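In: Generate coordinates for the sequence data below:
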Amino acid sequence: FVQRLQQLKITIPKAPAPKGNYVTCVQTGNLLHLAGHIPQRSDGTFIQGKLGKTLTIEEGYDAAKLCAINILSTLEQHVNGDWDQIARIVKLVGFVNCTDEFEQSPAVINGASDLLTQLFQKPHARSAVGTNALPFQVATEIECIVELHQPTTTTPATPAT
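Out: Numbers count the residues shown, from 1 in each chain. Alright, predicted model coming up:
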């Protein structure tokens, strides 16, 4: 896994803090349920805009990829860097900030799916939903379910303060 990260030149940032009264990851049995992750850069800025109006499909794809990288940061924190604990990504739910006429939400969310499939080497289930607004005017938001090989006893991600 780490070798594939290096080959793709992916650097995992520090896990972003929640933007509200929730935790970023909850474990039940051997499943992790991750909250929605947004395209927040390491400097704290966001990829903002609306697909079909101010952003291209390629820019949306990059936003979804950044969401996936932020998901990786939460996963890394949860498994304390032991990527072998992760069996697979089970499902992604992707939201795309777009105009009513925009019909390419699946192409945008491919930014996350392509990266996660390259890294974990297994396909996942997925939904790609267009919506009229997202928090902070971000382009995309992605949540997911992850399967662990066995339940761990790690603590949940830090809640918002």
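In: Do you have the helices of this structure handy? List them.
Out: Using DSSP state H, the helices found in the chain span residues 2-7, 57-78, 105-120.
In: By mean pLDDT, show me the worst of those.
Out: Among the helices of the chain, helix 2-7 has the lowest mean pLDDT, at a mean of 89.
In: what's in contact with it?
Out: 12, 83, 118-119 (CB atoms under 8 Å, 6 or more residues apart in numbering). Where C-beta positions appear, they are placed from N, C-alpha and C, glycine not excepted.
In: Pro123 against Leu116, yeah?
Out: No - with contact defined as CB atoms under 8 Å, Pro123 does not reach Leu116; the gap is 9.5 Å.
In: more neighbours, the two?
Out: Leu116 (25 against 11; other CB atoms under 10 Å).
In: Excluding chain neighbours, what is closest to that one?
Out: Nearest in space to Leu116, with sequence neighbours left out and distances taken as CB to CB, 6 or more residues apart in numbering, is Ile89 at 5.0 Å.
In: Report the separation between the residue nearest the centre of the chain and Leu119.
Out: Centroid check for the chain by CA atoms, centre = their mean gives Ala68 as the closest residue, at 3.3 Å. Here the criterion is CB to CB, to the nearest Å. By it, Ala68 lies 9 Å from Leu119.
In: OK, contacts around Leu116?
Out: 68, 71, 89, 92, 124.
In: looking at the helices of the chain, which is buried most?
Out: helix 57-78 (a mean of 23; mean count of other CB atoms under 10 Å).
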